[in-house]
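A.B. asks: mind folding the following:
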Amino acid sequence: MIKHHPNLNMLKSFVGGSLADSVSLIVASHVELCEHCQQQVNQLTAEAANTVFDTDNLEFPLGHREIDTFLSDDVEFDLDAIESITADLSQSVEMEPEIQKVTVAKTTFTLPRALNSVALKDWISLGKISRARLDFDDESHHTSLLHIDKNGQVPCHTHKGFEITLLLEGSFEDEMGVYNKGDFIWLDGKHTHQPETKEGCVCLTVSSDAMHFTKGVSQLFNPLGKYIY
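C.D. replies: Below is the predicted model of the structure:
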């Protein structure tokens, strides 16, 4: 069961098209997995459409006489062409979105449809952690797929910017709770955690800055943080 979602303001911005491209991509991927957010997005889209097409706010350049003239019997329509177009539309077959699967470290998972047109760069592995950047240019935001193998963990850290994590497969837990497929987690400098997984997991992540490790030997990587996040 999905327990963590984008908040209402983020969904409104998603529908309005004002999110950064990478953030919009990860929100779209969550919506694909989450029936609750699908319903919210559908409702917000309908409300936005009603606002745009509110007849009280429309200005008609034509007066009533001009409209009557335009709709009169004197106007000729090519009925054959209209019937041909209608027939073509009725016979068209709706194509199913292509399903893309990715395998890393013997784990195969399905990519969200929102990622179908985005290329993956090579996987880089360090111990039980593997990461592949998405070939996706969005200024300072980095978008990646992250795989953590069974009984793996990410060292304790906080964030210099924000990090959004969408769980695509498996589960993981940290000091704040347990997360399952579809959960959407937003973290920033107010949070410190050490994610670990028993069964393994795959995540889609968007980061605006480097992680900052807070314990143990991993702190030695902090000076290189801006190069490896």
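
A.B. asks: and whichever helix in the chain runs longest, what does it pack onto?
C.D. replies: The single longest helix within the chain, with elements called by DSSP state H, is helix 35-52. Applying 3 or more C-beta pairs under 8 Å, 6 or more residues apart in numbering; DSSP states H and E, we find helix 35-52 packed against helix 8-16, helix 21-33. The way it works is simple: take the backbone N, C-alpha and C, and place the C-beta from them, glycine included.

A.B. asks: show me this protein divided up by domain.
C.D. replies: Here the domain assignment for the chain is 8-87, 101-227, based on the TED database.

A.B. asks: just say which of those is most tucked in.
C.D. replies: domain 101-227 (a mean of 16; mean count of other C-beta atoms under 10 Å).

A.B. asks: so how far is that domain off the chain centroid?
C.D. replies: Its chain's average C-alpha position is 15 Å from that of domain 101-227, according to C-alpha atoms, centre = their mean, to the nearest Å.

A.B. asks: low-confidence ranges, the chain, go.
C.D. replies: Scanning the chain with the threshold set as pLDDT under 70 gives 53-97, 224-229.

A.B. asks: go with 50
C.D. replies: Confidence mapping of the chain against pLDDT under 50 gives the ranges 60, 62, 67, 69-71, 75, 77, 82, 85, 89.

A.B. asks: quick one: the strands in it?
C.D. replies: Taking DSSP state E as the test, the strands found in the chain are 101-104, 107-110, 120-126, 129-134, 142-148, 152-153, 157-159, 163-174, 177-180, 184-187, 196-197, 201-207, 211-213.

A.B. asks: one step back: now the domains of the chain as TSV including distance to residue 1?
C.D. replies: Converted to TSV, these look like this (distance: least, C-beta to C-beta, whole Å):
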stretch	distance to residue 1
domain 8-87	10
domain 101-227	7
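
A.B. asks: which non-adjacent residue is nearest residue 197?
C.D. replies: Sequence neighbours aside, residue 172 is the residue nearest to residue 197 in space, at 4.0 Å (criterion: C-beta to C-beta, 6 or more residues apart in numbering).

A.B. asks: for residue 154, same thing?
C.D. replies: Spatially, and ignoring its direct neighbours in sequence, residue 154 is nearest to residue 195 (4.8 Å; C-beta to C-beta, 6+ apart).
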